[in-house]
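Visitor: Take this sequence and fold it.
(chains A and B)
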Amino acid sequence: MCECRNCNHCDKKDDSLTVSRRKVMAWSIGAINLAVFGAVFGPVLGFLGSPLKARTKKEWVPVCGLDELEPGKTKEVTYVVRVKDGYTMADHRYALFLKREANEVVAIDPACTHLGCKVQYQEKQGRYLCPCHGGVFDTEGNVVSGPPPKALLRHAVEVRDGQVFVQRNA
Amino acid sequence: MAREVITPEKPADVTHPPMEPVEELRVERPSLRDWTDLRLGWWGFVRKNLDEPMPPGVGWWQTLGNLLLTLLMFQFVTGFALAMFYAPSPQSAYESVVHITTQVPLGSFVRGLHVWGSTLIVVVTVLHILRVFFWGSYKKPRELTWLVGVLIFNVILGFSFTGYLLPWDQKAYWATVVGTRIAATVPFVGHDLLVLIRGGEEVGALTLTRFYAIHVMLLPAALMGLTAIHLYLVRRLHIAGPVLPQKGKPVPFFPVQLFRDAVVVLVGLGMLVYLAAAFPPAIEAMADPAGTDFSPRPEWYFLGLYELLKIMPQGFEVVATVIVPGLVSLGMLFLPWLDRSSSRHPAMRASIIVAGTAVCLMIGLMTLKGILETPPPHGESHSEPAQTHAMRVE
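Guide: Numbers count the residues shown, from 1 in each chain, chains lettered A, B, ... in the order given. From the prediction side, this is the model:
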C-alpha cells in the first residue's frame, strides 16, 4: 500500500481526510443549492399566493329605481360597478334578480350555487333554471331539484329615496 | 479525403482512461462535416437513432407517438405566431383575437391550425395511450415511460383548459367560471384554491394573465422536459413490440418505420390543414358576466365530466369533481403497478383489460351523451356579432 497522502500513483488515498472534506463540501453544495432555490422560489410563491391575502370590502351600490319594479314580479336588472380588477379599475356589469313585494325588495344573485353558471328565470313556471347541470330553484331561490347544494345567494337590500341599493363586494 | 489520426502519447496518469473524442479531434484538415461532427457527435447520434432496432411486428400502430410529437411542435409554432398578436388583458384580449381572425393575413387560418391542432392532439394522445394500454407496453421495464406519458397527457389537458380562456369570449369566460369553480369543491382548501387559480375572487384580469403565463411558459417548459425524458426512455428501453414475440429479425428504424411515420404525419397534418381551412374557429360575443342568453359549455372532450356533474345528486358534486377524476388519474398513473401480471397478452390480464375498457366506455358514452344533448353555446336570441368574426379573410 502506498504510504503517501495524495499521490497520483494509486487510488488508495488517505480516506480519513478526504472523506470528511468531501462530506463537508457535498453538504455545502447542498446548502448553497437550497439557499439559491429558496431565494428564487420563496418570493415567487409569495408573489403568486398574494391574492389569498387580498381582502374585499362590502359596499352599497345603486341598482335601479324602486318604481321600475312591479310588485309581486321578478325582474332581471343589470348594473355596473367600478371594481379593482387586478392591476386596473374596470367597470364590471353584473346581473341581479329583484323581486318586489309591497315595499320590500329581495335581491337574488344569478350565480348558480353549484358551479357558478348564470341561472335564467322562467316566469311561467316561477323557477330559476341553470343551463349547465340542470339545477332548479323556486322564486325564493331555494333548491327544487338538481345538483346545487344550497339556495341562491341573497344580497342585502336597502331602498333609499326610491332607489334600490344592494350590498356586494367591491 | 485522407484522415490521419495522430495518436497521442499515452498519458502518464493511468487512473483516468484516455479520452477518445479528444483523440478524434486531432484529425488533420477535416471536411466541414467531419469538423462539426467531431465536435458535436451529431452524425453518431443520428445514426444511432436511425439504426434503432424495431422488433418484428412493429407497424402502423407505433406511428402515433411521432405524429403527436409533430403536432405538438406545430402547436408551439402556431402558438408563437398567435402570441405575437395577442394581448392578455380583459380590455384587449377579445379585440386582439378578433383582429387576428379578421385583419391579420392568414390569421384565421393560423388560429384554425392552433384550435384544431389542440383537438387533434387530444385525439391522438388518447389513441396513443389506448395503444400502449392494450399492448401492455407499460410493463417492466417501461413503467416510468408510461408514468411520464400520463404526466404529459395531464399537461396537454392543462394546455387546453388554460388556452380556452384566452379569446375572452362568452364561451371562454363561462367555461372558466365553471372550470375554476370545480376547484372550489375540494374539501377544506377549495376556496383558497379557487382564489389562487383565479388570482382573486372573480374571473378577471389576473385570471387571464395567470392562464396566459401558464399556457405560454410553465406548460411548454413542462412539456419539453417531460417529452425529452419520455423520448430518452423510449430509445433507452427500445420499443416493446407486439404482445407476443414474432418471428424474424429486428429491423432498423430507418427506412421502413420512419416511412410509416412520415405517411401518418402527412395524413394527420393534411387533416389539420383541411380542418383549419374549411372550418375556421368562430369567436363568440365578448365575455359578459351579466349576459343573459348564454349556456356555458366546455370543450367537447370535457363533456364527459360535464355530464357526470349533471347526474350527481345534491351534495355529491365532490364525487364528480375530485374523486372520480382523481381516481382515474391515479389509476392511469400507477397502472404498471396495478397490473402485476407478467404477461402482456390481453387474455392473461383480463381483469385490467375489462376495467380499462369499462372506464373508456363510460367516458366515451358520457362524452357522446354530452355532445348529443348539450345545446349550442348561445341561445336563439343571440345577436350573432360573432358570425362576422368567424368569416374568413379572403
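Visitor: Every contact and neighbour count from this point should use C-alpha atoms.
Guide: Fine.
Visitor: Low-confidence ranges, chain B, go.
Guide: For chain B, residues meeting the criterion pLDDT under 70 lie at B:1-27, B:292, B:375-394.
Visitor: can I see the domain layout of it?
Guide: Domain ranges of chain B: B:55-287, B:298-337+B:351-372, per automatic domain parsing.
Visitor: Tell me which of those domains sits most buried.
Guide: When you average the neighbours per residue for each of the domains of chain B (mean count of other C-alpha atoms under 10 Å in any protein chain shown), domain B:55-287 leads with a mean of 19.
Visitor: how about the domains of chain B in a markdown table, adding distance to chain A?
Guide: Below are the domains of chain B laid out as a markdown table (distance: least, C-alpha to the nearest C-alpha, whole Å):
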| stretch | distance to chain A |
| --- | --- |
| domain B:55-287 | 5 |
| domain B:298-337+B:351-372 | 4 |
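Visitor: Can I get those domains in TSV including distance to A:G141?
Guide: Formatted as TSV, these follow (distance: least, C-alpha to C-alpha, whole Å):
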stretch	distance to A:G141
domain B:55-287	20
domain B:298-337+B:351-372	15
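Visitor: So for A:E76, which of those domains sits nearest?
Guide: Distance to A:E76, taken as C-alpha to C-alpha, is lowest for domain B:55-287 among the domains of chain B, at 18.7 Å.
Visitor: now the closest one, how far from the chain's geometric center?
Guide: The chain centre lies 3 Å from the centre of domain B:55-287; the measure is C-alpha atoms, centre = their mean, to the nearest Å.
Visitor: Ends of it, what's the gap?
Guide: When the termini of domain B:55-287 are compared using C-alpha to C-alpha, to the nearest Å, they are 53 Å apart.
Visitor: same question, stretch B:198-208
Guide: End-to-end distance of stretch B:198-208 (C-alpha to C-alpha): 8 Å.
Visitor: Report how many residues lie close to B:D339.
Guide: Using other C-alpha atoms under 10 Å in any protein chain shown, B:D339 has 17 neighbouring residues.
Visitor: from memory it sits against B:I352, does it?
Guide: Yes - counting by C-alpha atoms under 8 Å, B:D339 does reach B:I352; the two are 6.5 Å apart.
Visitor: OK, contacts around B:E317?
Guide: Shown in contact with B:E317 (C-alpha atoms under 8 Å, 6 or more residues apart in numbering or on different chains): A:147, B:185, B:309.
Visitor: Which ones among the residues you listed map onto helices?
Guide: Of the positions in the contacts of B:E317, B:L309 sit in helices, assigned by DSSP state H.
Visitor: Let me know the closest of the contacts of B:E317 to B:R131.
Guide: Using C-alpha to C-alpha, B:L309 is the member of the contacts of B:E317 that sits closest to B:R131, with 28.8 Å.
Visitor: So what does the most centrally placed residue in chain B have for phi and psi?
Guide: Centroid-nearest residue in chain B, with C-alpha atoms, centre = their mean: B:I156, separated by 3.7 Å. Main-chain dihedrals, B:I156, degrees, to the nearest 10: phi -60, psi -40.
Visitor: where do the strands sit along the chain?
Guide: This is for chain A. A:58-65, A:74-85, A:88-101, A:104-108, A:120-122, A:127-129, A:136-138, A:143-145, A:154-155, A:157-160, A:163-169 (DSSP state E).
Visitor: try chain B instead
Guide: Secondary structure of chain B (DSSP E): strands at B:53-54, B:251-252.
Visitor: Out of those strands, which gets nearest to B:R29?
Guide: Per C-alpha to C-alpha, nearest to B:R29 of the strands of chain B: strand B:251-252, 33.0 Å.
Visitor: Which elements pack onto that closest one?
Guide: Judged by 3 or more C-alpha pairs under 8 Å, 6 or more residues apart in numbering or on different chains; DSSP states H and E, strand B:251-252 is in contact with strand B:53-54.
Visitor: dump the residue contacts of B:V251.
Guide: Under the criterion of C-alpha under 8 Å, 6+ apart, the neighbours of B:V251 are B:53-56.
Visitor: Could you give the bridge partners of it?
Guide: Legend: beta-bridge partners of B:V251 under DSSP bridges are B:M54.
Visitor: which residues sit in contact with the nearest residue to B:P242 once chain neighbours are set aside?
Guide: When the adjacent residues along the chain are set aside, B:P242 lies closest to B:G57, with 5.8 Å between them (C-alpha to C-alpha, 6 or more residues apart in numbering or on different chains). B:G57 makes contact with B:241-242, B:246 under the criterion C-alpha under 8 Å, 6+ apart.
Visitor: Quick check: the gap between B:G57 and B:G241.
Guide: Applying C-alpha to C-alpha to B:G57 and B:G241 gives a distance of 6 Å.
Visitor: Hmm, B:P346 and B:L244 touching each other?
Guide: No - under the criterion of C-alpha under 8 Å, B:L244 makes no contact with B:P346, lying 10.3 Å away.
Visitor: Do me a favour and average the pLDDT over stretch A:133-145.
Guide: The average pLDDT for stretch A:133-145 rounds to 92.
Visitor: Same question for stretch A:114-122.
Guide: 92.
Visitor: show me the contacts for B:D169.
Guide: Here B:D169 is in contact with B:94, B:283-288 (C-alpha under 8 Å, 6+ apart).
Visitor: With A:T74 instead?
Guide: A:97-100, A:123.
Visitor: Show me the beta-bridge partners of it.
Guide: Beta-bridge partners for A:T74, by DSSP bridges, are A:K99.
Visitor: Roughly how far does it sit from A:G146?
Guide: Applying C-alpha to C-alpha to A:T74 and A:G146 gives a distance of 22 Å.
Visitor: and what of B:A205?
Guide: Taking C-alpha to C-alpha, one finds B:A205 at 32 Å from A:G146.
Visitor: B:G41 too?
Guide: To A:G146, B:G41 is 64 Å away according to C-alpha to C-alpha.
Visitor: When the two are compared, which one has more neighbours?
Guide: A:G146 (21 against 13).
Visitor: what's near enough to touch the closest residue in space to that one that isn't next to it in sequence?
Guide: Excluding the flanking residues, the one nearest A:G146 by C-alpha to C-alpha, 6+ apart is A:G135, at 4.3 Å. By C-alpha under 8 Å, 6+ apart, A:G135 lies in contact with A:112, A:114, A:129, A:143-148.
Visitor: wait, which of the strands of chain B is closest to B:Y173?
Guide: Per C-alpha to C-alpha, nearest to B:Y173 of the strands of chain B: strand B:53-54, 47.3 Å.
Visitor: Any idea how far the closest one is from the middle of the chain?
Guide: 26 Å.
Visitor: was I right about B:F85 contacting B:S96?
Guide: Yes - between B:F85 and B:S96 a contact is recorded at 6.6 Å, counting by C-alpha under 8 Å.
Visitor: can you count the residues close to A:K53?
Guide: A:K53, neighbours per other C-alpha under 10 Å, totals 10.
Visitor: so how far is chain B from it?
Guide: Note on A:K53: its distance to chain B, by C-alpha to the nearest C-alpha, to the nearest Å, is 9 Å.
Visitor: Okay, now the unreliable bits of chain A?
Guide: Applying pLDDT under 70 to chain A flags the ranges A:1-17, A:170.
Visitor: domain parsing for it?
Guide: Chain A breaks down by automatic domain parsing into domains covering A:1-54, A:58-169.
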